[in-house]
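*Asks:* Sequence first, then the predicted structure, then my questions.
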Amino acid sequence: MAEQTFIMIKPDGVQRGLVGEIISRFEKKGFYLKGLKLITVDRPFAEKHYSDLSAKPFFNGLVEYIISGPVVAMVWEGKGVVATGRKLIGATNPLASEPGTIRGDFAIDIGRNVIHGSDSVESANKEIALWFPEGPANWQSSLHSWIYE
Ligand code: DGT
């Protein structure tokens, strides 16, 4: 199967009306949207998603932020989508993110950095299973041969 990644627009991105802009950037790049839902998660779910960070001093604040409103959970597919998705997103701290990246263009504070993207194929598979237990959608783009040689 083609590589997939899990992308989440965080509550600040939803509140600030950045959903369309962010989806547009992934679409225009040539990645395929294979899952999409607007969902407000509860504390145990958010803690599970960020379980690797549970020892960090900012963990509670991070969980509070993620459960503070609806997020847009997505699965995107394409060659190299995990690493390239991270490039589209930009560095974790938005003041260090390059202009032209999502965080570089739309965020300032690390605790309000608008979007999440899986950091490896392994965590992508884990996160997709957590957020989309029903599985991603199955469809093929008719533009495929205009994007891939
Ligand atoms: P992501 O995509 O949200 O998982 O962010 P990453 O992978 O760029 O960064 P990661 O996994 O190290 O941290 C997850 C989130 O935790 C990050 O988006 C913002 C928050 N965070 C990370 N480091 C700090 C920090 O030093 N202070 C605060 N307040 N938040 C942090």
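*Replies:* Happy to help now that I have it. As the structure is a prediction and not an experimental result, all values here were calculated from the model.
*Asks:* Around the ligand, which positions in this structure sit nearby?
*Replies:* For the chain, the contact set with the ligand under C-beta under 6 Å from any ligand atom comprises 53, 58, 61, 62, 92, 110, 111, 113, 116, 117, 119. To be clear about C-beta, it is placed using only N, CA and C from the backbone, and glycine gets the same treatment.
*Asks:* Wasn't the last one part of a strand?
*Replies:* I take that to be residue 119. No. Counting by DSSP: H, G, I helix; E, B strand; the rest coil, residue 119 is not found in a strand; it is coil.
*Asks:* do you know how far the nearest residue to it once chain neighbours are set aside is from residue 59?
*Replies:* The shortest distance from residue 119 to any residue that is not its chain neighbour, by C-beta to C-beta, 6 or more residues apart in numbering, is 6.7 Å, and that residue is residue 86. Applying C-beta to C-beta, to the nearest Å, one obtains 21 Å for the distance of residue 86 from residue 59.
*Asks:* neighbour-wise, which of the two wins?
*Replies:* The residue with more neighbours, out of residue 86 and residue 59 and counting by other C-beta atoms under 10 Å, is residue 86; that gives 18 against 15.
*Asks:* Can you give me the pLDDT of that one?
*Replies:* The predicted local distance difference test score for residue 86 is 98.
*Asks:* same check, this time on residue 1
*Replies:* For residue 1, the model assigns a pLDDT of 72.
*Asks:* Tell me how many other residues crowd it.
*Replies:* The burial count assigned to residue 1 is 5, neighbours taken as other C-beta under 10 Å.
*Asks:* same thing with residue 84?
*Replies:* Around residue 84 sit 19 other residues, with neighbours defined as other C-beta under 10 Å.
*Asks:* And the helices in this structure?
*Replies:* Per DSSP state H, the chain carries helices over the ranges 11-15, 19-29, 43-49, 59-66, 81-89, 102-106, 121-131, 144-147.
*Asks:* out of these, nearest to residue 75?
*Replies:* Evaluated with C-beta to C-beta, the helices of the chain place helix 121-131 nearest to residue 75, the distance being 5.6 Å.
*Asks:* Tell me which other helices or strands that closest one touches.
*Replies:* For helix 121-131, the packing partners by 3 or more C-beta pairs under 8 Å, 6 or more residues apart in numbering; DSSP states H and E come out as strand 4-9, helix 43-49.
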